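*Asks:* Would you be able to build a 3D model of this:
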Amino acid sequence: MAVIRLLQLTDTHLVGDPLGEMRGVRTLETLRTVLRGAAADLEAADAVLLTGDIVHDDPDGYAWVRHELGSLAKPVLCIPGNHDDPQLLREALGEPPFRHLGHHDLGAWRIVMLDSTVPGEAAGELPATELARLEAALGPGSPSHALVVLHHQPIPVGSAGLDSVGLRNSTALQTIIAGLPTVRALIGGHVHQESEQRLGAVRVFTTPSTCMQFRPQVAGFEIDDRGPGCRVIELHPDGGLQTRVRWFD
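*Replies:* All right, here's what the predicted structure looks like:
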């Protein structure tokens, strides 16, 4: 089997206005900067992960997602973030190449896309239905290796403000993951910064936003001076995973 290549884009925070800003950053402009800079990675990817906060409380922003990614001849796997409306996301990005939640098999890997959003709240939680869906997706007969994707960070990243709005029922997720030996990694966004940690043998990643970043390891929500970013992921047939973050001015 071949290596599976993914490009993760997260926290795009698009709005209907093409000049719309988040904390002084024009979010459509920075997304386009990432797409230009990562053009070779996008071309090589077998799929794109779009991991939440796709829009910033403005469903008109989904039109820009369709404009920028809608002509790709590869799946764009989408999950909602706390600034998305899950139903409006499903309606706006309901046609190929976009795929909403569910699980998706690529080579020896199953990618499970979870909805950790709580209506009206910045923090996340995986309801019993999502936890059950995770267990069912990775039960007997599933592929050899699994990547679990959710918006909210499942373990603290060391920034008190951001960690106060992380995944509230992380213990429940960790308990289920411990009983699913095919899970190799968890990956998400939400925190607008790069991190890599471990839950036992399972690697846990967060990825920089395509717009602005929060400074790591601080108590508040300080804006970092780093530019937009994305993550390139390689999934190997033996369960190995290689990844790197790409930054752009």
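
*Asks:* For residue 150, give me its contacts.
*Replies:* 51, 79, 113-116, 124, 126, 167, 186, 188 (Cβ atoms under 8 Å, 6 or more residues apart in numbering). Yep, even glycine has a C-beta here, placed from its N, CA and C like the rest.

*Asks:* who touches the residue nearest to residue 137 when sequence neighbours are not counted in this structure?
*Replies:* Using Cβ to Cβ, 6 or more residues apart in numbering and skipping residues adjacent in sequence, the residue nearest residue 137 is residue 103, 4.4 Å away. If you count contacts by Cβ under 8 Å, 6+ apart, residue 103 has them with 110-113, 137.

*Asks:* beta partners of residue 103?
*Replies:* For residue 103, the beta-bridge partners under DSSP bridges are residue 112.

*Asks:* How much space separates the residue lying closest to residue 14 once chain neighbours are set aside from residue 106?
*Replies:* Spatially, and ignoring its direct neighbours in sequence, residue 14 is nearest to residue 61 (3.4 Å; Cβ to Cβ, 6+ apart). Residue 61 sits 27 Å away from residue 106, going by Cβ to Cβ, to the nearest Å.

*Asks:* Comparing the two, which shows the higher neighbour count?
*Replies:* Taking neighbours as other Cβ atoms under 10 Å, residue 61 and residue 106 compare with residue 61 leading, 24 against 19.

*Asks:* In a helix, the more buried one, correct?
*Replies:* Yes - looking at residue 61 with DSSP: H, G, I helix; E, B strand; the rest coil, it is inside a helix.

*Asks:* Would you agree it is in contact with residue 67?
*Replies:* No - in this structure, residue 61 is not within contact of residue 67 by Cβ atoms under 8 Å, at 10.4 Å.

*Asks:* quick one: contacts for residue 213?
*Replies:* Counted by Cβ under 8 Å, 6+ apart, residue 213 has contacts 192-193, 223-224, 226-227, 229.

*Asks:* now these in TSV, with secondary structure?
*Replies:* Shown next, in TSV, are the contacts of residue 213 (three-state DSSP):
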residue	secondary structure
192	coil
193	coil
223	strand
224	coil
226	coil
227	coil
229	strand
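
*Asks:* Partner strands of the helix or strand of the chain with the lowest mean pLDDT and their direction?
*Replies:* Least confident helix or strand, the chain: strand 21-22 with a mean of 93, by mean pLDDT, DSSP states H and E. When pairing is defined by DSSP bridges, strand 21-22 lines up against strand 25-26 (antiparallel).

*Asks:* How far away from the center of its chain is the strand it pairs with?
*Replies:* Put simply, strand 25-26 sits 20 Å off its chain's centre (Cα atoms, centre = their mean, to the nearest Å).

*Asks:* ditto for stretch 233-248
*Replies:* Counting by Cα atoms, centre = their mean, stretch 233-248 comes out at 14 Å from the chain centroid.

*Asks:* How about residues contacting it?
*Replies:* Identification of contacts with stretch 233-248 by Cβ under 8 Å, 6+ apart yields 1-8, 33-34, 37-38, 41, 49, 106-109, 144-145, 147, 184-185, 187, 194, 203, 205, 207-208, 226-232.

*Asks:* of the residues you listed, buried ones?
*Replies:* 4-8, 33-34, 37-38, 41, 49, 106-109, 145, 147, 184-185, 187, 194, 203, 205, 207-208, 226-232 (16 or more other Cβ atoms under 10 Å).

*Asks:* give the contact list for the spatially most central residue of the chain.
*Replies:* Against the mean C-alpha coordinate of the chain, by Cα atoms, centre = their mean, the closest residue is residue 51 at 2.5 Å. Residue 51 makes contacts with 8-11, 79, 81, 149-151, 187-189, 207, as judged by Cβ under 8 Å, 6+ apart.

*Asks:* One more: residue 172?
*Replies:* Contacts of residue 172 by Cβ under 8 Å, 6+ apart are 126, 131.

*Asks:* Give me the phi and psi for residue 99.
*Replies:* When read as degrees, to the nearest 10, the backbone of residue 99 gives phi -130, psi 140.
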